[in-house]
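**Q** no FASTA, just this:
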Ligand code: PGA
Ligand code: ZN
């Protein structure tokens, strides 16, 4: 028996696999998934019944059955749910935890959590252009300690925001981070920096990162980015980022440019070499072909991995292996529309991902991943180190 639930994003990349929705305005405003569910029950299910319980085999059958590049016939949401559930059932049949089944090896390393503590962009009802402000407790020794570092900073941040901006400032956005009425990127980074030091941590214990998700504020007609009340071209935006990296010692910068801007990515990656990591999300959409292009162009130092951007566990693992082989780091990631499913906690451990991005240490759908990683840490026992991050 295997069960799985798949997530959904708000700031989706243009090249993601297709999430099949009903479009029937009378149900869930058109967002129902009865067609995807019916594809699982009446199309995929009967075809898979009787095969060996093996996600790779199931995935290749489903990819062939769908027949489209974007999985638009059966729906990537239908296919991925079956793929994940099959992997779980297989692990259960073998009596193994999912992470050990996904990638069997002797030694596992746990991912550093990237916790999104201030939400902006499409994830919040405030004026911040940047979508995510992340704290990264790289100085922690264990995963449990990293969660404690993050939770402590998150709660000190709450006190500061409440005191300075009033009670509405501590309402939360889609990923559990606060959504204060701030306007500028620097305002958010300033207040988080203060929370880190007031919590008693140094700048090397807890680093900072941002995910501007910049396709969302890119004006393609004018080729400018609308950020912090200004309209910046790619060069000016790069200067803006380089300044932020210098002032706040940012460790990670995700989707700094829009999703087709490979050469702007490459330019910034080169410029920040040895200081900060550039992560590609919407530009790659966990798609091995797009990641190959990024590798050739040296477009980033890291790849964000979201299983539902590509639609099967097999292709997700392929994207990860490809990235790792090219020397790129990985960040296994949730979506803004998440469920309580903990698959990505196992995936991040299985592949030895440098990071996992799964929201603030708040709200059940985010905390479920942190709790599962604590259980995984316990199951691994004494030898469960946290990944060491270098730039
Ligand atoms: P999404 O955002 O799930 O809304 O796409 C997450 C991200 O951009 O990393
Ligand atoms: Zn992103």
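**A** Sure thing, it's come through. Since we're looking at a predicted model, the values are computed, not measured. Ligands and ions are numbered 1, 2, ... in the order given.
**Q** Report whether the helix or strand where residue 78 lies contacts ligand 1.
**A** Using DSSP states H and E, the element containing residue 78 is helix 76-93. No. Judged by CB under 6 Å from any ligand atom, helix 76-93 stays clear of ligand 1, getting no closer than 13.6 Å. Where C-beta positions appear, they are placed from N, C-alpha and C, glycine not excepted.
**Q** Give me the neighbour count for the residue in the stretch 101-250 of the chain positioned nearest to ligand 1.
**A** When CB to the nearest ligand atom is the measure, the stretch 101-250 of the chain has its nearest residue to ligand 1 at residue 213, with 4.6 Å between them. Each residue near residue 213 was counted by other CB atoms under 10 Å, and the total is 28.
**Q** what's the closest non-adjacent residue to it?
**A** residue 131 (4.0 Å; CB to CB, 6 or more residues apart in numbering).
**Q** mind checking how far the residue of the chain found nearest ligand 1 is from residue 201?
**A** The shortest separation between the chain and ligand 1 is 2.8 Å, found at residue 9 (distances taken as CB to the nearest ligand atom). Residue 9 is 31 Å from residue 201, where distance means CB to CB, to the nearest Å.
**Q** ditto for residue 44
**A** Here residue 44 is placed at a distance of 48 Å from residue 201 (CB to CB).
**Q** Equivalent analysis for residue 175, please.
**A** Using CB to CB, we find residue 175 at a distance of 21 Å from residue 201.
**Q** Just want to know which of those two has more residues nearby.
**A** For residue 175 and residue 201, the more surrounded residue by other CB under 10 Å is residue 175, and the numbers stand at 29 against 19.
**Q** The residue nearest to residue 213 is in contact with residue 216, isn't it?
**A** Yes. With contact defined as CB atoms under 8 Å, residue 131 and residue 216 form a contacting pair (6.8 Å).
**Q** ok, now which ones touch the residue nearest to residue 213?
**A** By CB atoms under 8 Å, 6 or more residues apart in numbering, residue 131 lies in contact with 11, 119, 120, 121, 122, 123, 211, 212, 213, 216.
**Q** gap between stretch 74-93 and the chain center?
**A** A distance of 20 Å separates the centroid of the chain from that of stretch 74-93, by CA atoms, centre = their mean, to the nearest Å.
**Q** buried ones in it?
**A** By neighbour count with 16 or more other CB atoms under 10 Å, stretch 74-93 contains the buried residues 74-91.
**Q** Mind jotting down where the strands sit in the stretch 51-200 of the chain?
**A** 112-119, 132-136 (DSSP state E, counting those that start in this stretch).
**Q** Output these in a markdown table; the columns should cover distance to residue 349 and mean neighbour count.
**A** As requested, the strands of the stretch 51-200 of the chain are arranged in a markdown table below (distance: least, CB to CB, whole Å; neighbours: other CB atoms under 10 Å):
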| stretch | distance to residue 349 | mean neighbour count |
| --- | --- | --- |
| strand 112-119 | 12 | 30 |
| strand 132-136 | 18 | 28 |
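**Q** near ligand 2, which residues of this structure show up?
**A** Within the chain, the positions lying close to ligand 2 (CB under 5 Å from the ion) are 211, 213, 254, 281.
**Q** Show me where the stretch 151-300 of the chain has its helices.
**A** Taking DSSP state H, counting those that start in this stretch as the test, the helices found in the stretch 151-300 of the chain are 185-198, 234-248, 262-271, 288-296.
**Q** residues in contact with residue 183?
**A** For residue 183, the residues meeting the contact criterion (CB under 8 Å, 6+ apart) are 127, 128, 228, 229.
**Q** Among these, name the buried ones.
**A** Buried members of those, scored by 16+ other CB under 10 Å, are 128, 228.
**Q** Report the beta-bridge partners for the residue most central in space within the chain.
**A** For the chain, the residue lying nearest the average C-alpha position, counting by CA atoms, centre = their mean, turns out to be residue 333 (2.4 Å). Beta bridges link residue 333 to residue 357, judged by DSSP bridges.
**Q** In contact with the residue in the chain that ligand 2 sits nearest to, which residues?
**A** With CB to the ion as the measure, residue 281 is the residue of the chain nearest to ligand 2, at 3.5 Å. Remark: with contacts taken as CB under 8 Å, 6+ apart, residue 281 is in contact with 13, 211, 213, 254, 255, 304, 306, 333.
**Q** do the same with residue 337
**A** The contact partners of residue 337, taken as CB under 8 Å, 6+ apart, are 7, 8, 9, 10, 174.
**Q** what do you get for residue 82?
**A** Shown here is residue 82, whose contacts under the criterion CB under 8 Å, 6+ apart are 4, 40, 44, 45, 48, 58, 62.
**Q** cutoff 7 Å now
**A** For residue 82, the contact set (CB atoms under 7 Å, 6 or more residues apart in numbering) comprises 40, 44, 58, 62.
**Q** Residues of the chain that sit close to ligand 1?
**A** Within reach of ligand 1 by CB under 6 Å from any ligand atom, the chain has these residues: 9, 10, 11, 12, 211, 213, 281, 333, 335, 336.
**Q** Narrow these to those that are buried.
**A** Burial by neighbour count, judged by 16+ other CB under 10 Å, picks out 9, 11, 12, 211, 213, 281, 333, 335, 336 from the residues of the chain next to ligand 1.
**Q** For the stretch 51-200 of the chain, give me the ranges with low pLDDT.
**A** Residue ranges of the stretch 51-200 of the chain with pLDDT under 70: none are present.
**Q** how about low-confidence regions in the stretch 201-350 of the chain?
**A** Along the stretch 201-350 of the chain, no part satisfies pLDDT under 70.
**Q** Provide a list of residues in contact with the residue nearest to residue 338 when sequence neighbours are not counted.
**A** Excluding its sequence neighbours, the residue lying closest to residue 338 (CB to CB, 6+ apart) is residue 365, at 4.1 Å. The neighbourhood of residue 365, defined by CB under 7 Å, 6+ apart, consists of 338, 339, 340.
**Q** ChimeraX command to pick out the buried ones of those?
**A** In ChimeraX, the members of the contacts of residue 365 classed as buried (16+ other CB under 10 Å) are selected with the following command:
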select :338,339
